[in-house]
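**Student:** Below are the sequence and a predicted model for it; my questions follow.
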Amino acid sequence: MEPQVLEREAQSAIEGASTAAELDDVRVRYLGRKSELKQALRAVRDRETGMALNALRERLEKAITTRRRELEEAELEQLFAQEGLDVTLPGDPIPRGRLHLLTQIRREIEDIFVGLGYEVWDGDEVTAVWHSFDALTTDPGHPSRSPSDTFYLDDDTVLRPHTSSDQIRAMESRQPPLYLIAPGRCYRRDTPDATHSPTFLQFECLAVDRGITLADLQGTVLHFFRALFGPEREVRMRTSFFPFTEPSVEFDVTCFLCGGTGCAVCKHSGWIEMGGAGVVDPGVFENIGYDPEEWSGFAFGLGIERIAMLRHGLPDLRAFWENDLRVLAQF
Ligand code: DAH
């Protein structure tokens, strides 16, 4: 083949190669060991023909290199187009989180008491039997002490069965006057159902000062329930018994759903039972070394889940830890 014809044919084959593999084939065909050009070079006898053929070989090699680069660039461009990142596109929305309903209510309770000058005491979930029972003048035979009611870690250590344990821990480490609330997780051997759980939240309120009476308790509780459930609420006390208070009471609040006329939530009585309270038993003060002649106090304890359930009309306590976001996201 005439060198010019060969060159034209080879150049158009190089141009026409559309992939790296095709280009390789072209190279083998026109520049490989068995190619016409290589054979012609081998057979060359005169210098001029040799130089011309070598120049042709160089031109073809250069053209192949150029074409290879073009193909690689095109390939890259295609890849970029496929996997391209458009930084101007709006991102996926990130759903906004919120505090768990029980955390919201705990904080609300804390705010109400901080507004009254109380401090928030961070108690302990693992306590001595002393803190949970003995110091609270609870008889050795009291049913709440039984291992079928309370989780024992060993003979002297329990998982806090009520936040009343924190009254003792606080008084042991402080001198009166003392105004505190202690919110925290409690543990009891209860089988879970709509209103019971082996773990739940309570908060304890303790005030110790000179001359504190049951009237201070009533006024504080009334203020608290009005702040939480609305300014029309009334509070009443019924006599009760707790080992660590004397006198002991349980208090009810007027139903905030029916306003006292009677509905399913207040069981048609107009009143909702809220919790236990009382004037701190002088024996408790003696146990922790306060002089009961000088100091007096009141205390009460309330369930935080109960408050949340009442306030939002939730029928089942288990909703709080099943963590179904469809439920929790409503609050
Ligand atoms: N600790 C009691 C309970 O878990 C509630 C309670 C009753 C707390 C009377 C008190 C109190 O501070 O004075 O059922």
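**Tutor:** That came through, no problem. Numbering: from 1, shown residues only.

**Student:** ranges for the helices of the chain?
**Tutor:** Under the criterion DSSP state H, helices of the chain are mapped to 3-16, 20-31, 36-43, 47-83, 101-115, 129, 164-173, 214-229, 282-288, 304-312, 319-322, 325-328.

**Student:** so which of those comes closest to the ligand?
**Tutor:** Proximity to the ligand (Cβ to the nearest ligand atom) singles out helix 164-173 among the helices of the chain, at 4.0 Å. For the C-beta atoms, the positions are set from N, CA and C on the backbone; glycine is no exception.

**Student:** list the helices and strands the closest one packs on?
**Tutor:** With contacts taken as 3 or more Cβ pairs under 8 Å, 6 or more residues apart in numbering; DSSP states H and E, helix 164-173 sits against strand 178-187, strand 199-209, helix 282-288, strand 296-303.

**Student:** and with 10 Å instead?
**Tutor:** For helix 164-173, the elements it packs on are strand 126-128, strand 178-187, strand 199-209, strand 271-280, helix 282-288, strand 296-303, judged by 3 or more Cβ pairs under 10 Å, 6 or more residues apart in numbering; DSSP states H and E.

**Student:** Packed most tightly, which of those would that be?
**Tutor:** Comparing the helices and strands packed on helix 164-173 by mean neighbour count (mean count of other Cβ atoms under 10 Å), strand 296-303 comes out on top with a mean of 24.

**Student:** Contacts only, for Phe300.
**Tutor:** Counting by Cβ atoms under 10 Å, 6 or more residues apart in numbering, Phe300 touches 164, 181, 203-207, 217, 220-221, 224, 242, 245, 249-251, 274-278.

**Student:** ok, now with 7 Å
**Tutor:** 205, 217, 221, 275-277 (Cβ atoms under 7 Å, 6 or more residues apart in numbering).

**Student:** again with Asp166
**Tutor:** Contacts for Asp166 were tallied using Cβ under 7 Å, 6+ apart; they are 121, 123, 182, 184, 204.
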